[in-house]
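Can you look at this prediction? I've put the sequence above it.
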Amino acid sequence: MHNRQPLMALIVMILAAVMLFSTAATAATQFVSDQLSINMRRGPGNNYKIMKLLDAGDQVTTLSESDGWSKIRTSTGSTGFVLTRFLSEKAAASTRIDQFQQQNQQLEQDNKDLKQELSQALHGSTQLGELKRNLVKENKSLKSELQNIRETSADAIRIGNENEKYRQQLLSLRSDVDRLKHENEALQSRREGMKIGALILIVGIAFGLLLPMFRRRRKGNWDSL
């Protein structure tokens, strides 16, 4: 009898080890299904002590499964066993509703932000359109001013060329005036010389005409004496 007890204990240990290794699985995230609460026990059976109650929607990590029981680890790090049928791959409906509500609120906020951005973009587009029109108008004005400057520059060049032409003509006229002035001075000098010569000639002729008369008169006077 005493020999059988150690043997039975060894067999139980071996079977437990085999079951543990055969049912071990990769850790997976699961959720407590839509129950008010479930018991987490120290071992895989209702005869094990309850460690804590898990609420619907609590997230747990499944470490292994065996005979309808799953070994889990809670978000706080506690490990224990719960009935596998109370676990689900999806979050509880209440949790999903909360998530959907949060997502809906986030979507509404995103929609509001997008509307505001769209309004700002449209306002900015209006401002850009006005700025573009002003730039086009200013560009036209600058082109007109540039054309005026070009025309003014062309007129300035033309006027400069004409001024140079007139200056050359003026210099030529001045040269002609100086030449004519010298010629006029020379003519006036010759005219004065001719006047003096003519005067001398007239005086000589008059003297030549009067001299014989004086001689006759003097001779008559001498004869009367």
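Sure thing, it's come through.

Please report how far the residue most central in space within the chain lies from residue 142.
For the chain, the residue nearest the mean C-alpha position is residue 128 (12.5 Å; CA atoms, centre = their mean). Going from residue 128 to residue 142 by CB to CB, to the nearest Å gives 20 Å. Every C-beta, even on glycine, is put in place using the N, C-alpha and C of the backbone.

quick one: least confident helix or strand in this protein?
Here the helix or strand of the chain ranked lowest by mean pLDDT, DSSP states H and E is helix 4-23, holding a mean of 56.

tell me the mean pLDDT for the lengthiest helix in the chain?
As assigned by DSSP state H, the longest helix anywhere in the chain is helix 93-224. Regarding helix 93-224, the rounded mean pLDDT is 77.

from the middle of its chain, how far away would it be?
Centre-to-centre, helix 93-224 and its host chain are 44 Å apart (CA atoms, centre = their mean, to the nearest Å).

now do stretch 61-78
59 Å.

Just the CA atoms of it, as PDB, please.
What follows is stretch 61-78 as a C-alpha-only set of coordinates in PDB (Å, rounded to 0.1, in the frame of the first residue of the first chain):
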ATOM      1  CA  THR A  61      -3.200  36.700 -22.500                       C
ATOM      2  CA  THR A  62      -3.800  33.000 -23.100                       C
ATOM      3  CA  LEU A  63      -0.800  31.000 -22.100                       C
ATOM      4  CA  SER A  64      -2.200  27.400 -22.600                       C
ATOM      5  CA  GLU A  65      -5.400  25.400 -23.000                       C
ATOM      6  CA  SER A  66      -6.400  22.000 -21.600                       C
ATOM      7  CA  ASP A  67      -9.600  20.200 -21.000                       C
ATOM      8  CA  GLY A  68     -11.800  23.300 -21.400                       C
ATOM      9  CA  TRP A  69      -9.600  25.400 -19.200                       C
ATOM     10  CA  SER A  70      -7.200  28.200 -20.200                       C
ATOM     11  CA  LYS A  71      -4.200  29.400 -18.300                       C
ATOM     12  CA  ILE A  72      -4.200  33.200 -18.600                       C
ATOM     13  CA  ARG A  73      -2.300  36.300 -17.600                       C
ATOM     14  CA  THR A  74      -4.200  39.500 -16.800                       C
ATOM     15  CA  SER A  75      -3.100  43.000 -17.700                       C
ATOM     16  CA  THR A  76      -1.800  43.400 -14.100                       C
ATOM     17  CA  GLY A  77       0.400  40.400 -14.500                       C
ATOM     18  CA  SER A  78      -1.600  37.800 -12.400                       C
END
